[in-house]
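S.K.: model this:
(3 chains)
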Amino acid sequence: MDDSSSHDGSDSIDWNTEDELEITNILSPSSASMSTTTNAAVTTELRESSSSSGYPSKIVNDFIKMGFPEVMVTKVISELGENNADAILDTLLTYSVSFSYAFSLCLFDYIHDYKALQIVDEIPQQENRPSQENRPNDQNINPQSNFENEFSDFDSDFSDEDTDESSEKDDPEVSLIDMGYSPEEASAALKRCGKDAPLSELVDFISAAHVSKAADAEMDKLYFTSHIPKKDKKSKLQKGKNCSKIENTGIKINRKRSYDDVDDALHLPNPMIGFGVPRFSCQVVNRDLPKEAIGPPYFFYENVALTPKGVWATIQSHLYEIKPEFVDSNFFCAAARKRGYIHNLPLENRFPIQPLPPRTIFEALPETQKWWPSWDERVQLNCVLTCIGSAQLTDRIRIALDKCDGEPNLHVKKYVIGQCKKWNLVWTGKNRAAPLEPNELELIMGYPINHTRGVSRSERYKGLGNAFQVDTVAYQLSVLKDLYPEGINVLSLFSGIGGAEVALHRLGIPMKNVISVEKSEVCRGIIQGWWEQTNQKGNLIHISDVQEVTDRKLEGWIRSFGGFDLVIGGSPCNNLAGGNRRTRDGLEGEHSSLFYDYVRILNTVKCIMGSN
DNA sequence: GAAACCATGATAACTCGT
DNA sequence: ACGAGTTATCATGGTTTC
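M.R.: Numbering: from 1, shown residues only, chains lettered A, B, ... in the order given. Below is the predicted model:
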């Protein structure tokens, strides 16, 4: 469909026309060095535009055009000045998370007077903020190393102001009440955060409590309320398919719904931050898990968020009705990755792997900045997939751009940007948009560089495209560190390239025994290589087929190890993923139905451990 | 209507053992 | 040189949500 637009013939541009002369010219080093538009990076463009006078300045408009709210742009620019576009962009990117979250809260009608928005609005009015000259750290933000400080910069801004207010410093409870919070809320926040906590943290806590309460109510309302679908066209997935496989297995299923009553739309959270992400301490710290779901063993299940209708409802129904935690990894790294996680892990005191990974394209891939066109406004990548754009596509893009004298027209821009987003291309030369290299994907996905080295290029892309984003998963698993200081026994299903193992290792959680179930020999080799290279002390046992994980074997392992502390895995998404044109058959598809083996194994483990 | 999406399969090109 | 197996390359929509 996307490509058809390039053949419509309605435009003067013929995307498929080969022009060898132009290609030759562009490929020559001299022509590349002659580029007059080398200051193509967004921030460079903005930096140049910022020198112009007038209000609102071009830089303000440019950031607004990038999608940032005007109030936020003007606030940040008033903070940082117009001369440091990098810092402005970084701050906006991070702050937008907070802002959009706050904005989304407006959806909950009973917190219409949400205080965080008041805080946001108040910021530009405050005159006693530290000047840019007094904040050298903000002036020279190093995109390579300072990312982790972004949000704390904002927090510290609040804190600085707080300390200027002696009354607040003396009695934060009074300050909170003055801000409109109830005495109960203020008291609870102080009890939870401590009396010395900065005001911003206290506000955050109260906001989080609001969110928790609102989200619970809203989620209950949204998840499974039935409505009549408006579309006439029936999904090929939603009707007439039952979980015959499960029923045949005889496994006890906590099934409350059929497909017929779960075909309503799943409302994914926006922003997709689950129970909270780093830099935004808006966490739901308590949730009521069903008794039978409470660990140990802890379990952690993952799959794509954007499934055909009804899939997550079915998954949830087989996993103790625990609501999925939907998180987009773009809050952790430079690429989007919208995933749902169902787990019974505690939510309190999560922490991310340090240092926090780069979260923008320029920070992750600084060499691309040199070639980045000003009109490509992407600051993060789309989801890492299992295959990459073709070399011919890169050629088509280059030819199209070469034909333009100076900045391309809107039609060309639209085509190029569309393809860049679709295929996650980055700028690696003049008019050259190319796919990411495997080692770049390893960086973005949180794996050691060369983690997948030694296998074919296709296998590397496939493995990484199917993998956990390590930082995202690690954040959720981090609570295990205090629970199991001596290490854990892990049953890792559908291990892939070992995302769970890498996450635990990077968290500093020792693995005593790992049963790793993975069909692909290539992936098993990658895990084994990593296991040896990182000098793991524990035992790693490979199982090639999930069907080999029988009750008897589970019983043997449990008797031998004393039980599994964590059952973790993301079952195949092949038949769920939006990229699948041919066999997106839903949870009953050839590959994705292996989810039921996850359920089977988890139930067996719990049963054996419970009886012990 | 725009945007996004842990993909699949056909075929060409390549590798390697005989 | 041959052939089997492996790897690289490319084109291919549709569902879902906002």
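S.K.: which strands and helices lie in contact with the host helix or strand of residue A:398?
M.R.: Element membership of residue A:398 [criterion: DSSP states H and E] is helix A:391-402. Where contact means 3 or more CB pairs under 8 Å, 6 or more residues apart in numbering; DSSP states H and E, helix A:391-402 is packed against helix A:20-27, helix A:410-423, strand A:432-434. From N, CA and C alone the C-beta is placed, and that goes for glycine too.
S.K.: check which helices and strands the last one sits against.
M.R.: Read it as strand A:432-434. Counting contacts by 3+ CB pairs under 8 Å, 6+ apart, strand A:432-434 is packed against helix A:391-402, helix A:410-423, strand A:426-429.
S.K.: kindly report the same for the longest one.
M.R.: If contacts are counted by 3+ CB pairs under 8 Å, 6+ apart, helix A:410-423 sits against helix A:391-402, strand A:432-434.
S.K.: following the last one, which helix or strand shows up next?
M.R.: Yep, that's strand A:432-434 we're talking about. Following strand A:432-434 toward the C-terminus (DSSP H and E): helix A:438-445.
S.K.: coming back round to it: could you dump the helices and strands packed on strand A:432-434 to CSV with mean neighbour count, distance to residue A:587 and mean pLDDT?
M.R.: Output for the helices and strands packed on strand A:432-434, formatted as CSV (neighbours: other CB atoms under 10 Å; distance: least, CB to CB, whole Å; pLDDT from 0 to 100):
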stretch, mean neighbour count, distance to residue A:587, mean pLDDT
helix A:391-402, 18, 33, 95
helix A:410-423, 17, 26, 95
strand A:426-429, 20, 34, 97
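S.K.: who wins for proximity to DNA strand C among those?
M.R.: helix A:391-402 (3.8 Å; CB to the nearest atom of the strand).
S.K.: does any bit of the closest one sit next to DNA strand C?
M.R.: Yes. For helix A:391-402, a contact with DNA strand C is found by CB under 7 Å from any atom of the strand, at A:391-393.
S.K.: for those residues, which one is nearest residue A:457?
M.R.: Closest approach to residue A:457 among the residues of helix A:391-402 next to DNA strand C (CB to CB): residue A:391, at 12.6 Å.
S.K.: what number of neighbouring residues does the residue of chain A found nearest DNA strand B come out with?
M.R.: Going by CB to the nearest atom of the strand, DNA strand B is nearest to residue A:578 of chain A, at 2.1 Å. Counted with other CB atoms under 10 Å, residues neighbouring residue A:578 total 13.
S.K.: what do you get for the one 3 residues further on?
M.R.: The burial count assigned to residue A:581 is 6, neighbours taken as other CB under 10 Å.
S.K.: residue A:528 too?
M.R.: For residue A:528, the neighbour count with other CB under 10 Å is 14.
S.K.: quick check: it is in a helix.
M.R.: Yes. The assignment for residue A:528 (DSSP: H, G, I helix; E, B strand; the rest coil) places it in a helix.
S.K.: what about stretch A:331-346 and DNA strand B, any contact?
M.R.: Yes. Looking at stretch A:331-346 against DNA strand B by CB under 7 Å from any atom of the strand, the contacts come from A:336-339.
S.K.: next one: stretch A:549-569
M.R.: No. Using CB under 7 Å from any atom of the strand, we find that stretch A:549-569 stays clear of DNA strand B, coming within 8.2 Å at best.
S.K.: circling back: how about the residues of helix A:391-402 next to DNA strand C in JSON lines, adding distance to residue A:285?
M.R.: Below are the residues of helix A:391-402 next to DNA strand C laid out as JSON lines (distance: CB to CB, whole Å):
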{"residue": "A:391", "distance to residue A:285": "50"}
{"residue": "A:392", "distance to residue A:285": "51"}
{"residue": "A:393", "distance to residue A:285": "46"}
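S.K.: ok, back up a step: tabulate the CA atom coordinates of the helix holding residue A:398 in PDB.
M.R.: Below are the C-alpha coordinates for helix A:391-402, written out as PDB (Å, rounded to 0.1, in the frame of the first residue of the first chain):
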ATOM      1  CA  ALA A 391      19.200  -1.500  -0.200                       C
ATOM      2  CA  GLN A 392      17.000  -0.600  -3.100                       C
ATOM      3  CA  LEU A 393      14.800   1.500  -0.900                       C
ATOM      4  CA  THR A 394      17.800   3.400   0.300                       C
ATOM      5  CA  ASP A 395      18.700   4.000  -3.400                       C
ATOM      6  CA  ARG A 396      15.200   5.200  -4.200                       C
ATOM      7  CA  ILE A 397      15.300   7.600  -1.400                       C
ATOM      8  CA  ARG A 398      18.700   8.900  -2.400                       C
ATOM      9  CA  ILE A 399      17.700   9.300  -6.000                       C
ATOM     10  CA  ALA A 400      14.500  11.200  -5.100                       C
ATOM     11  CA  LEU A 401      16.500  13.600  -2.900                       C
ATOM     12  CA  ASP A 402      19.300  14.000  -5.300                       C
END
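S.K.: report the inter-axis angle for it versus helix A:410-423.
M.R.: 150 degrees (axes from the mean of the first three to the mean of the last three CA atoms, to 10 degrees).
S.K.: quick one on the thing from earlier: which one of the helices and strands packed on strand A:432-434 lies nearest to residue A:572?
M.R.: Among the helices and strands packed on strand A:432-434, helix A:410-423 comes nearest to residue A:572, with 22.9 Å by CB to CB.
S.K.: okay if I get the helices and strands packed on helix A:410-423 as a markdown table plus distance to residue A:414?
M.R.: What follows is the helices and strands packed on helix A:410-423, written out as a markdown table (distance: least, CB to CB, whole Å):
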| stretch | distance to residue A:414 |
| --- | --- |
| helix A:391-402 | 11 |
| strand A:432-434 | 14 |
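S.K.: nearest to residue A:504, of those?
M.R.: strand A:432-434 (33.7 Å).
S.K.: and the spatially closest residue to residue A:287 that is not a sequence neighbour, how close does it get to residue A:297?
M.R.: Using CB to CB, 6 or more residues apart in numbering and skipping residues adjacent in sequence, the residue nearest residue A:287 is residue A:347, 6.7 Å away. Residue A:347 sits 17 Å away from residue A:297, going by CB to CB, to the nearest Å.
S.K.: show me which of these two is the more surrounded one.
M.R.: residue A:297 (21 against 18).
S.K.: next, that one: phi, psi?
M.R.: Main-chain dihedrals, residue A:297, degrees, to the nearest 10: phi -70, psi 150.
S.K.: confirm for me that it is in contact with residue A:561.
M.R.: No. Judged on CB atoms under 8 Å, residue A:297 makes no contact with residue A:561 at a distance of 11.1 Å.
S.K.: may I have the beta-bridge partners of residue A:432?
M.R.: Legend: beta-bridge partners of residue A:432 under DSSP bridges are residue A:429.
S.K.: contacts only, for it.
M.R.: Residue A:432 is in contact with A:371, A:394, A:397-398, counting by CB atoms under 8 Å, 6 or more residues apart in numbering.
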